[in-house]
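Trainee: build me a model:
(chains A and B)
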2 protein chains.
Amino acid sequence: MADKTQIQDDIKAQGEVVRKLKSEKASKDQIDEEVSKLLELKARLGGDDGKHQFVLKTPKGTRDYNPKQMAVREKVFNTIVGCFKRHGAETIDTPVFELKETLTGKYGEDSKLIYDLKDQGGELLSLRYDLTVPFARFLAMNKITNIKRYHIAKVYRRDNPAMTRGRYREFYQCDFDIAGQYDPMIPDAECLRIVHEILSELDLGDFCIKVNDRRILDGMFAVCGVPDDKFRTICSTVDKLDKMCWEDVRTEMVKEKGLSEEAADQIGQYVSLQGGMDLAERLLQDSKMSQSKQACAGLSDMKQLFTYLQLFQVTDKVVFDLSLARGLDYYTGVIYEATLTQATPAPAAGALGSGEESASVGSVAGGGRYDGLVGMFDPKGRKVPCVGVSIGIERIFSLMEQKVEMEKVRTTGVQVLVASAQKNLLEERLKLVSELWSAGIKAEAMYKKNPKLLSQLQHCEECGIPLVAILGEQELKDGVVKLRTVASREEVDVSRADLIEEIRKRTAEV
Amino acid sequence: MADKTQIQDDIKAQGEVVRKLKSEKASKDQIDEEVSKLLELKARLGGDDGKHQFVLKTPKGTRDYNPKQMAVREKVFNTIVGCFKRHGAETIDTPVFELKETLTGKYGEDSKLIYDLKDQGGELLSLRYDLTVPFARFLAMNKITNIKRYHIAKVYRRDNPAMTRGRYREFYQCDFDIAGQYDPMIPDAECLRIVHEILSELDLGDFCIKVNDRRILDGMFAVCGVPDDKFRTICSTVDKLDKMCWEDVRTEMVKEKGLSEEAADQIGQYVSLQGGMDLAERLLQDSKMSQSKQACAGLSDMKQLFTYLQLFQVTDKVVFDLSLARGLDYYTGVIYEATLTQATPAPAAGALGSGEESASVGSVAGGGRYDGLVGMFDPKGRKVPCVGVSIGIERIFSLMEQKVEMEKVRTTGVQVLVASAQKNLLEERLKLVSELWSAGIKAEAMYKKNPKLLSQLQHCEECGIPLVAILGEQELKDGVVKLRTVASREEVDVSRADLIEEIRKRTAEV
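Mentor: Now for the predicted structure:
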């Protein structure tokens, strides 16, 4: 019982924490986290009957999607998948978990964020961390050397919500990749065209696609005097330039990573450069840069890329930016990242980052070339060159949820409600709704024997159903249905024989 | 090294097993299982360089879907989702894992098949076992008392493949449920109408939907003299009547479950009965059956159900069958199961059961009423009546994969390939394909600088692309494109200005 008293005290204290946060109008995310702690304490105390001691919640870092969110999600998916299909992509699916060893050694330090399954006998399994490694495994396993595929599915990361507040542990990825040995920069340019198409079509405001190349970065590090073994770590510091000012980045390079001040300053000059094909040409002439073969290869390809981007009519949004680094180790060539450039409205509660993350809120797509990953899975190390892009679909959902008026989002496409104005017409309603279904019309009838006409009309208002087919004794005698337009309240008698045609006509107009 | 020799011996022996199975033309499933053991052994031995010692496979009981399978899947999903939407259903999504305690106590003995996640600190989690329990948790958590929703997602069961060969451990469920306090049997009848619509539209051959009611079963057990505490276990024996003959079922009841021979024989008389509304009426008059209040309630509802089914015009396929029991504990009223009645072709390798399972191969949908489940999650035990149906989507995929000619399945919808007959026209090709994308046409160009015309035409044949827009020096000069119909090999010059319209016209016809 001492334990029980302790829990009761904890509940009181935790209740205070929640009240305080609410009075301070803290973020929903923060409040949710503390409420969840409170609920857990209450659950530990147990209910009156001891029957419902469990916590009624989804796991930390996960969420349900309600019908309105699903409707928004479907709309976004349709746009994106429509674009992928326009470009001739196929789709595949892979299991939600992989053999643990399939994921081992692919994510560097982030490996600690992988969800492992309990060893219940049999194989050791882990939830997929992204869609790229399963894709590479799929290619190697099936000896596929060229494919253009998209894959939309959930991935799992045991991210620490305290660090990256508002990020989910279960979230969608939405990847498009082109695998195959082709002439340089043609598939790479198509990936950028796809990002351009999707962001334009989703109409989320102005955006910018930064491009760079791993070879240009590495070449730059070399000519600036970065020791070989410091390339990766200096690269990851450069990657912070979207969140930190140059001075802080420079300090990290020199103080933490032990780079010489001279090298850091040389890097500083390069990473401030932005441009297009002209910049690539200038750097090819640059006395230092031109000393690096790698950099030159990257710069020639960058020129080639811009030629194709011009043909694809997307250069208005693409910037060659030497500060773009991107974290993942497996990139070998072109890299890119798209960000929204307009000030976006305040992030939806719990949906987007805050504080140290806010600077990168705008990132909505990213990718690059990874020519070595598939070879890591092939028994003979055979390489399959790949380039791809991942659309930041969760961020896009959040933005769409802010953009649309959620209360007005329709969650069904019901065209007509079959209603009755009098009692004892259930059977007639069911007969009619059945006829409508058979004709392919989206229709409903209420599951009550004698619903009130008012409550039937209210249902239409709530759900956005545009038409009501009203049955009454008189209508049945006359062989007609009273067809009511919900918005205008107009009613007109339509003969049963013409009803389906009339509904089709009216809902096609909508 | 002794260990290594042992593994080499094992590899040899396992190689023999595989060769033997292949020579005996064993099922692909069986061969795959033994090959996978062989690969594991080889992996344990390690490669030459020790770099690729891992096994290149998906976890046991899981599979990838390749583009052709995805195309079939998409077609099936479209039909099913189309039906759900016609009936005004919304959709939701829930996380792939739940708190372990959410699943605890919901699946009886089957709980041992639940996948748990490794305890990596934090909450104890399990992969969802079905979509019904997460749905009930969702309703209770959000205090939703009425909704009509569908949910299509993967669920996870650590089934023993030796027992249920060919079943997957990761598979789709496809559920439609109506929650809410309504007049009896109206939503129940709609669920059956939905099964009827989906199976008719998928055109998988003739089918039959058996219906029964848990209350009729329980009433029957009571009047036949089954002790209260044996209801569930006797019910699960009755459930085997689709796989075992009555004699064997009777033996199990008497010998294993300790039921009296007299009670067993009385059950035997009832469970042989099949009919429609007439049977429900007859049993309401039955001297024994009519003694059970529960049975009478179930039988009156059954009559009511058939009235609605007549209005919905689905009685041609629905049979009231007293032998239908269904396994799950949570059903409280009507239960149903749809089976394909035509002899189906041999199951696709690895896709369907064999041996002891073959009798139930035909089952493609099932469900029933479960009025108590949501209350198990509500802190105050408030009930939300529910009725639903689960479409056996994996089985349907397998059947569709047998039905369609997989080699002819198109995995993309590309309408036109932009090709060139001469060299140095890459830029012109990219410019044109870009124009087509902007017009919303599904188009491709090959990622080579100078692909051969033949290889471009072959690509169309392989992928089923119906049109080729061919560019050449002369065409460019004349401001036209040579539009070729792949099937007929006919070619016609179309002016650039008319091209998009012409492609739209031609592919609308297809």
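Trainee: got a list of what A:M253 touches?
Mentor: Neighbouring residues of A:M253 by C-beta atoms under 8 Å, 6 or more residues apart in numbering or on different chains: A:234, A:237, A:259, A:263-264, A:267. In this view, the C-beta of every residue, glycine as well, is placed from N, C-alpha and C.
Trainee: then it would be within a helix, right?
Mentor: Yes: inclusion of A:M253 in a helix is indicated when DSSP: H, G, I helix; E, B strand; the rest coil is applied.
Trainee: check the gap between it and A:T237 for me.
Mentor: Using C-beta to C-beta, to the nearest Å, A:M253 is found at 5 Å from A:T237.
Trainee: again, but for A:D188
Mentor: A:D188 is 26 Å from A:T237, where distance means C-beta to C-beta.
Trainee: which stretches of the stretch 51-200 of chain A form helices?
Mentor: A:67-86, A:100-103, A:132-141, A:186-202 (DSSP state H, counting those that start in this stretch).
Trainee: turn these into a markdown table, including mean neighbour count, mean pLDDT and distance to B:D203.
Mentor: Listed next are the helices of the stretch 51-200 of chain A as a markdown table, based on neighbours: other C-beta atoms under 10 Å in any protein chain shown; pLDDT from 0 to 100; distance: least, C-beta to C-beta, whole Å:
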| stretch | mean neighbour count | mean pLDDT | distance to B:D203 |
| --- | --- | --- | --- |
| helix A:67-86 | 18 | 97 | 25 |
| helix A:100-103 | 19 | 93 | 39 |
| helix A:132-141 | 23 | 96 | 31 |
| helix A:186-202 | 23 | 98 | 35 |
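Trainee: now distance to chain B too, for the ones you listed, in JSON lines please.
Mentor: Shown next, in JSON lines, are the helices of the stretch 51-200 of chain A (distance: least, C-beta to the nearest C-beta, whole Å):
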{"stretch": "helix A:67-86", "distance to chain B": "4"}
{"stretch": "helix A:100-103", "distance to chain B": "4"}
{"stretch": "helix A:132-141", "distance to chain B": "5"}
{"stretch": "helix A:186-202", "distance to chain B": "4"}
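Trainee: out of these, which comes closest to B:K57?
Mentor: For the helices of the stretch 51-200 of chain A, the distance to B:K57 is smallest for helix A:132-141, at 6.8 Å, taking C-beta to C-beta.
Trainee: tell me what the closest one is packed against?
Mentor: strand A:97-99, helix A:100-103, strand A:147-156, strand A:170-179, strand A:386-391 (3 or more C-beta pairs under 8 Å, 6 or more residues apart in numbering or on different chains; DSSP states H and E).
Trainee: export these to a markdown table and tack on distance to B:V387?
Mentor: Shown next, in a markdown table, are these (distance: least, C-beta to C-beta, whole Å):
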| stretch | distance to B:V387 |
| --- | --- |
| strand A:97-99 | 33 |
| helix A:100-103 | 41 |
| strand A:147-156 | 29 |
| strand A:170-179 | 29 |
| strand A:386-391 | 38 |
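Trainee: out of these, which gets nearest to B:A365?
Mentor: strand A:147-156 (25.5 Å).
Trainee: give the partner strands of that closest one in its sheet and their orientations.
Mentor: As defined by DSSP bridges, the strand partners of strand A:147-156 come to strand A:90-91 (parallel), strand A:170-179 (antiparallel).
Trainee: can you give me phi and psi for the residue in the stretch 351-500 of chain A that chain B sits nearest to?
Mentor: For the stretch 351-500 of chain A, the residue closest to chain B is A:Y447, as judged by C-beta to the nearest C-beta, at 3.6 Å. Torsion angles at A:Y447 (phi, psi; degrees, to the nearest 10) stand at phi -80, psi 40.
Trainee: the one 4 residues further on too?
Mentor: Its backbone dihedrals place A:P451 at phi -70, psi 150, with angles given as degrees, to the nearest 10.
Trainee: before we move on, the earlier item: give me the subset of the contacts of A:M253 that lies in helices.
Mentor: Assignment to helices by DSSP state H places the following of these there: A:234, A:237, A:263-264, A:267.
Trainee: re the thing from before, let's see if you can find the most crowded of the contacts of A:M253.
Mentor: The residue in those with the most neighbours, by other C-beta atoms under 10 Å in any protein chain shown, is A:I267 (27 neighbours).
Trainee: that one: what's it in contact with?
Mentor: A:220-221, A:224, A:226, A:234, A:238, A:253.
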